[in-house]
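Participant: Pasted the sequence and its predicted model underneath.
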Amino acid sequence: MIGKTPITGDPVILAPGREERPNVYDGAPCPFCPGAEDQTPPEIARDGDPWRIRVFPNRYPPTEHAEVVVESAMHDDEFDALSPDHAQRAIEITFDRYHALASKAAYVCIFKNHGRQAGASIPHLHSQLVGTSFVPPRPKREGEAFVRAISCPLCNSTAHPLIGETKHYRWIAPRGARFAWQQWIVPKAHEHDLVEPYELASLMQSSARAMRGISEAFNWVFITFPHERSGHWYLELFPRTAMIAGFEIGSDVFVNTAMSETVAGLFSDFMS
Ligand SMILES: [Zn+2]
Ligand SMILES: [Zn+2]
């Protein structure tokens, strides 16, 4: 169910059923492990037999279109520990599900909450897709900013310190990042929606390895512009070193304790 904030009318999702979801960190059995397949809704996609990647609808969905991608059968696996082809397949399947959900939702957010401090309730390696019936404020606001911009801020390859690059992507430490140690992976070509999953998966593994040197908990979030061709999609990744606290909530302004040059200098060692 969708509500609105009282003054600006920004959307709010009302999902009281999510209170029921198990917290594996507090001792609930893991519903994502092999043998517990009956604890999740019927699967939508899988890779391998026995499976190494599984996709199913979220049992406690925040919206009507919410799916979970379990990226490994091993409970304690890490994204950066997957073999390169396994990680690539995981991102390829995630992109497939993104495109499938995009035909039913106005916007689809792909994200990973890894570790309790990043908002996970289940430690087992997984990512999520949540489709909404509206374009959420962040991609909407950013899409409008791309329309207004004289030149695309993400096509400028010298604006932000470079951590590493592949043929199709730049991994950068953006100036003006909201979180310490935040990085963006940006397609070099001006694309408004997801394209190449393979080089991306490899950069995401490098980033996960780098971030886990800072904190075991991290998030990644895809920002895409399916309805705004002026937009330039990107992936934002950051380890969790601080909570979002009173000042951030009261001002929508973030305090970042790490300079982009420092992030680029340290993380470039993790380029594989
Ligand atoms: Zn598990
Ligand atoms: Zn661009």
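Facilitator: Cool, the structure landed. Ligands and ions are numbered 1, 2, ... in the order given.
Participant: Show me the helices in this protein, by range?
Facilitator: 84-102, 137-148, 198-212, 246-251, 260-267 (DSSP state H).
Participant: which of those helices is buried the deepest?
Facilitator: Highest mean neighbour count of these: helix 198-212, a mean of 22 (counted as mean count of other C-beta atoms under 10 Å). In short, each C-beta sits where N, CA and C put it, glycine included.
Participant: And that one, what does it pack against?
Facilitator: helix 84-102, strand 169-172, strand 183-187, strand 218-223, strand 234-239, helix 260-267 (3 or more C-beta pairs under 8 Å, 6 or more residues apart in numbering; DSSP states H and E).
Participant: For ligand 1, find the nearest of those.
Facilitator: helix 84-102 (15.7 Å; C-beta to the ion).
Participant: could I get that closest one in PDB with only the CA atoms?
Facilitator: Taking only C-alpha atoms (Å, rounded to 0.1, in the frame of the first residue of the first chain), the coordinates of helix 84-102 have been written out as PDB:
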ATOM      1  CA  PRO A  84      34.300 -15.000 -11.900                       C
ATOM      2  CA  ASP A  85      31.800 -17.000 -14.100                       C
ATOM      3  CA  HIS A  86      29.500 -17.500 -11.000                       C
ATOM      4  CA  ALA A  87      29.500 -13.800 -10.200                       C
ATOM      5  CA  GLN A  88      28.800 -13.000 -13.800                       C
ATOM      6  CA  ARG A  89      25.900 -15.400 -14.000                       C
ATOM      7  CA  ALA A  90      24.500 -13.900 -10.800                       C
ATOM      8  CA  ILE A  91      24.500 -10.400 -12.300                       C
ATOM      9  CA  GLU A  92      23.200 -11.700 -15.700                       C
ATOM     10  CA  ILE A  93      20.200 -13.400 -13.900                       C
ATOM     11  CA  THR A  94      19.600 -10.200 -11.900                       C
ATOM     12  CA  PHE A  95      19.500  -8.100 -15.100                       C
ATOM     13  CA  ASP A  96      17.100 -10.700 -16.600                       C
ATOM     14  CA  ARG A  97      14.800 -10.300 -13.600                       C
ATOM     15  CA  TYR A  98      15.100  -6.500 -13.700                       C
ATOM     16  CA  HIS A  99      13.900  -6.500 -17.300                       C
ATOM     17  CA  ALA A 100      11.100  -8.900 -16.500                       C
ATOM     18  CA  LEU A 101       9.900  -6.800 -13.600                       C
ATOM     19  CA  ALA A 102      10.300  -3.600 -15.500                       C
END
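Participant: Touching that helix from outside, list them.
Facilitator: 44-45, 47, 52-53, 55, 65, 67, 69, 71-72, 79, 82, 108, 110, 127, 129, 131, 194, 197-198, 200-202, 204-205, 222, 224, 226 (C-beta atoms under 8 Å, 6 or more residues apart in numbering).
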